[in-house]
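K.L.:
any chance you could fold what I've pasted below:
(one chain, ligands or ions: 1)
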Amino acid sequence: MIRSKIAGIGKYVPENIMTNDDLKEYMDTSDEWIRERTGIQERRYAHRTGETTTTMAIEASKIAIERAGITAADIDFIVFATLSPDYYFPGCGVLLQREMKMKEIGALDVRNQCSGFVYALSIADQFIRTGTYKNILVIGSEKHSFGLDFSTRGRNVSVIFGDGAGAVVMQPTEKEKQGILSTHLHSDGESAEVLAMFNPGTHANHWNGGKVLADFKNAPIGEMFFSHEMVEKAQVFPNMDGPAVFKKAIVKFPEVINEALTKNGYKPSDLDMLIPHQANLRIAQFVQQQLGLRDDQVFNNIQKYGNTTAASIPIALCEAWEEGKIKEHDLVCLAAFGSGFTWGSVLLNW
Ligand code: ACO
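P.N.:
Now for the predicted structure:
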């Protein structure tokens with residue numbers, strides 16, 4: 001039976017460290033507030049002009065490709081997950097294909113926010129299982145620091161997010177106890193507006209219970225998508241109802257992890273490592289407690305990098321592996337929850 005395995009993994013985080021105290025220069029916040037609520041101590045911010053979502057992805061990809069023992073020319077498909085692309089369109093996948101001088105292969109961009117990497121991995125898994133491709137590059141990368149409200153108004157969101165990238169090369173395997181066992185994807189659009197960035201967009205205030213987002217009735221036709229008013233009223237930043245996200249996340253994380261374990265005849269105690277999306281340390285701790293997992297069964301690094309959305313799982317997976325916390329044949333679960341809401345899990349043998 002053909003399964004897909006992670007043949008190489010890499011991560012890249014920018015050099016520039018932004019501590020909680022550094023953020024006090026821009027907004028009314030404190031190290032104590034941020035640590036207590038989120039566990040975050042510092043995060044990385046990409047170089048303002050020298051780095052983009054794609055350049056960080058390229059750095060992570062080079063490492064993943066080298067560790068897989070292949071070259072960029074061997075990659076036969078790209079799946080790129082991000083919510084902070086270099087351009088509104090085209091997606092980052094083609095920029096990476098161009099810059100890494102890859103062949104004229106398919107490049108797919110995935111927009112599933114915090115669960116983007118899990119969705120991306122599930123797509124790669126299907127293409128490998130069917131025998132369509134042999135070397136798929138799957139990436140999660142974000143440059144959040146370019147699109148956050150750094151005033152006190154946006155502090156509940158901006159203190160959480162950081163920049164970085166992670167990448168894996170997926171290949172087929174027929175070995176016992178190796179590769180992805182199953183993937184599980186879900187969504188519930190009922191709360192789409194709870195964690196969202198509305199503009200620029202084509203919504204024209206159609207959704208969100210008629211809540212006025214901008215004065216579209218009087219807007220010139222050329223300013224419906226992106227207007228001066230949106231910029232003046234700071235409507236071009238992410239919005240989040242933090243407590244609503246927290247409440248749903250702590251239910252859906254354990255549910256989708258248990259779904260993956262049950263499907264394959266395992267219990268939480270069988271897990272060697274859980275890599276939860278690094279949303280918030282409090283969420284990860286709650287999930288750990290709910291599943292009755294020991295500290296050595298869960299890996300967290302949000303303390304150093306903040307929430308890097310689509311990049312958080314591959315960065316954490318890479319770091320856990322580099323630190324020797326994941327070994328051959330280990331049973332590993334990746335689980336994510338985020339905007340949409342969308343959530344999912346991947347169960348694999350390393
Ligand atoms: N510094 C200081 N004070 C702040 C900050 C800040 N950065 N942000 C908000 N506050 C204030 C608020 O203004 C509010 O003040 P008030 O009581 O005077 O009105 C007070 O702190 C409490 O605000 P809440 O938003 O209710 O704070 P809460 O305790 O819920 O914590 C948080 C906010 C950390 C966002 C929490 O709700 C949370 O963790 N939610 C989960 C969301 C999450 O993890 N999102 C990650 C992205 S989505 C994902 O990856 C799944």
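
K.L.:
tell me who's in contact with the residue in the stretch 1-150 of the chain positioned nearest to the ligand.
P.N.:
Of all residues in the stretch 1-150 of the chain, T29 sits closest to the ligand, at 3.4 Å by CB to the nearest ligand atom. From N, CA and C alone the C-beta is placed, and that goes for glycine too. Under the criterion of CB atoms under 8 Å, 6 or more residues apart in numbering, the contact list for T29 reads N20, L23, T152, R155, V159.

K.L.:
now T183: which helix or strand?
P.N.:
Per DSSP states H and E, T183 falls inside strand 179-187.

K.L.:
tell me which strands that strand pairs with, and in which orientation.
P.N.:
Next to strand 179-187 in the sheet, as set by DSSP bridges, lie strand 342-349 (antiparallel).

K.L.:
roughly how far is the partner strand from the heart of the chain?
P.N.:
Offset of strand 342-349 from its chain centre (CA atoms, centre = their mean, to the nearest Å): 13 Å.

K.L.:
repeat for stretch 190-199
P.N.:
Distance, centroid of stretch 190-199 to centroid of chain: 17 Å (CA atoms, centre = their mean).

K.L.:
now swap in stretch 53-72 and tell me
P.N.:
Stretch 53-72 has its C-alpha centroid displaced from the chain centroid by 17 Å (CA atoms, centre = their mean).

K.L.:
and if you look at stretch 35-53?
P.N.:
Going by CA atoms, centre = their mean, where stretch 35-53 is centred and where its chain is centred differ by 14 Å.

K.L.:
what of stretch 84-103?
P.N.:
In terms of CA atoms, centre = their mean, the centre of stretch 84-103 is set 17 Å apart from its chain centre.

K.L.:
just the C-alphas of it, formatted as CSV.
P.N.:
Output of stretch 84-103 as CSV, limited to C-alpha atoms (Å, rounded to 0.1, in the frame of the first residue of the first chain):
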residue,chain,number,x,y,z
SER,A,84,-0.3,36.8,3.9
PRO,A,85,0.7,36.4,0.3
ASP,A,86,3.3,38.6,-1.5
TYR,A,87,0.5,39.7,-4.0
TYR,A,88,-3.3,39.5,-3.7
PHE,A,89,-2.8,37.4,-6.8
PRO,A,90,-1.1,35.4,-8.2
GLY,A,91,-0.3,33.3,-5.3
CYS,A,92,3.1,32.6,-3.6
GLY,A,93,3.4,29.2,-5.2
VAL,A,94,4.4,30.6,-8.6
LEU,A,95,6.8,33.1,-7.2
LEU,A,96,8.6,30.2,-5.4
GLN,A,97,8.5,28.1,-8.6
ARG,A,98,10.1,30.9,-10.5
GLU,A,99,12.8,31.9,-7.9
MET,A,100,13.8,28.2,-7.2
LYS,A,101,14.0,27.6,-11.0
MET,A,102,11.7,24.6,-10.8
LYS,A,103,10.2,22.9,-13.8
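
K.L.:
that one near the ligand anywhere?
P.N.:
No. Using CB under 6 Å from any ligand atom, stretch 84-103 never reaches the ligand; the gap is at least 13.3 Å.

K.L.:
about what we covered before: leaving out sequence neighbours, find the closest residue to the residue of the stretch 1-150 of the chain closest to the ligand.
P.N.:
Leaving aside its chain neighbours, T29 sits nearest to R155 (5.1 Å; criterion: CB to CB, 6 or more residues apart in numbering).

K.L.:
which bits of the stretch 51-200 of the chain sit near the ligand?
P.N.:
Where the stretch 51-200 of the chain comes near the ligand, counting by CB under 6 Å from any ligand atom, the residues are C114, R155, N156, V159, I160, L195.

K.L.:
could you count how many residues lie near the fifth one?
P.N.:
Same thing as I160. Other residues near I160 come to 24 when the count uses other CB atoms under 10 Å.

K.L.:
how about it, nearest residue that isn't a chain neighbour?
P.N.:
N307 (4.9 Å).

K.L.:
what are the ranges of the helices in the stretch 1-150 of the chain?
P.N.:
20-23, 31-38, 53-67, 92-99, 116-129 (DSSP state H, counting those that start in this stretch).

K.L.:
what does the stretch 201-350 of the chain give?
P.N.:
In the stretch 201-350 of the chain, the segments counted as helices under DSSP H, counting those that start in this stretch are 228-232, 242-263, 281-291, 302-305, 312-322.

K.L.:
reformat the ones you listed as CSV; add mean neighbour count.
P.N.:
What follows is these, written out as CSV (neighbours: other CB atoms under 10 Å):
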stretch, mean neighbour count
helix 228-232, 13
helix 242-263, 18
helix 281-291, 19
helix 302-305, 22
helix 312-322, 25
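
K.L.:
next one: the strand holding T183 to chain centre, how far?
P.N.:
Mean-position distance between strand 179-187 and its chain equals 16 Å (CA atoms, centre = their mean).

K.L.:
hmm, what's the outermost residue in this protein?
P.N.:
Here the chain reaches farthest from its C-alpha mean at N218, the gap being 37.3 Å by CA atoms, centre = their mean.

K.L.:
what residues are up against V298?
P.N.:
V298 neighbours (CB under 8 Å, 6+ apart): M273, L274, P276, A284, V287, Q288.

K.L.:
that one and L274, how far apart?
P.N.:
5 Å (CB to CB, to the nearest Å).

K.L.:
shared neighbours of the two, anything?
P.N.:
Listed as contacting both V298 and L274 by CB under 8 Å, 6+ apart are V287, Q288.
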